[in-house]
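Colleague: Need a 3D model of the sequence below.
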Amino acid sequence: MNYEMPITGTMIWYYYICKREVWLMIHQIAADQEHEDLDYGRFISENRYNRSKKEISIGHIVVDRMRTENGQLIVGEVKKSSKFIKSAKMQLLFYLDNLRKMGIEAKGELLFPEERKKEIVEWNEEHKEELERAMKDIRKIARLSVPPKPEKISFCRKCAYKEYCWAEG
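Modeller: Coordinates of the predicted model:
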C-alpha cells in the first residue's frame, strides 16, 4: 500500500496563493509567529461569530464554524478579507468534499467579518476535479528537495514567511 501524504485545508488555501509557502509549511518551517496578520487572524477567530461553534475537528480537517439551518449543516470559514476569495473558496470546498467522503452533506459559507460579507459555497463534481488536481500538485511540491523559487506577488507584503524569500543574504 502506498502512503499518501494527508492534505490540510491550510495547504489548499496557500496552494492558490503561493506554492513556495506550501513547501515551507509542509517541511515544518515555521512562519514568524509574531507577525501581526497571524495575531489578527487569531483575534477574529476567537471573537467573531460567537453563536456558532468554533474550530471543529472532524477527522483530519478543522473547520472554523459549524451550525444547522433548517436541518441543513452549514460549515463556515472565516477570513480577514475577500481579497483571496478563490483560495478561501477552494479551502472550504476541500472541507465539504472531505465531509461528503464521510457521508455528511453540508453547504459552506465564507465569512468576511470586517467587510460584513458572506458567500455561500456548494460542492459539485467540477470542484472535485480541481481539488484532486490541486492535491496531486501539493504532494508533488512536497517531494521537492528545495522550495519553488519565490515569486513577487501582492501577498508577499503581508506574508509571515517573507523573510525566507526576500531577506538579503
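Colleague: ok, which stretches of this structure are helices?
Modeller: 9-15, 19-26, 36-47, 85-101, 125-142, 162-166 (DSSP state H).
Colleague: Just send those back as JSON lines, with mean pLDDT too.
Modeller: Output for the helices of the chain, formatted as JSON lines (pLDDT from 0 to 100):
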{"stretch": "helix 9-15", "mean pLDDT": "94"}
{"stretch": "helix 19-26", "mean pLDDT": "93"}
{"stretch": "helix 36-47", "mean pLDDT": "48"}
{"stretch": "helix 85-101", "mean pLDDT": "95"}
{"stretch": "helix 125-142", "mean pLDDT": "94"}
{"stretch": "helix 162-166", "mean pLDDT": "79"}
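Colleague: Of all these, which one comes closest to residue 58?
Modeller: Nearest to residue 58, of all these, is helix 85-101, at 6.9 Å by C-beta to C-beta. (C-beta placed from N, C-alpha, C; glycine too.)
Colleague: partners of the longest strand anywhere in the chain in the sheet?
Modeller: The longest strand of the chain (DSSP state E) is strand 61-69. Strand pairing for strand 61-69, determined by DSSP bridges: strand 53-58 (antiparallel), strand 72-78 (antiparallel).
Colleague: which one of those is the most hemmed in?
Modeller: Compared across those, strand 72-78 shows the largest average neighbour count, a mean of 19 (mean count of other C-beta atoms under 10 Å).
Colleague: who touches that one?
Modeller: With C-beta atoms under 8 Å, 6 or more residues apart in numbering as the test, strand 72-78 has contacts from 9, 44-45, 48-49, 52, 63-68, 88, 91-92, 95-96, 99, 104-113.
Colleague: Please report how far residue 77 lies from residue 147.
Modeller: From residue 77 across to residue 147, the span is 26 Å (C-beta to C-beta, to the nearest Å).
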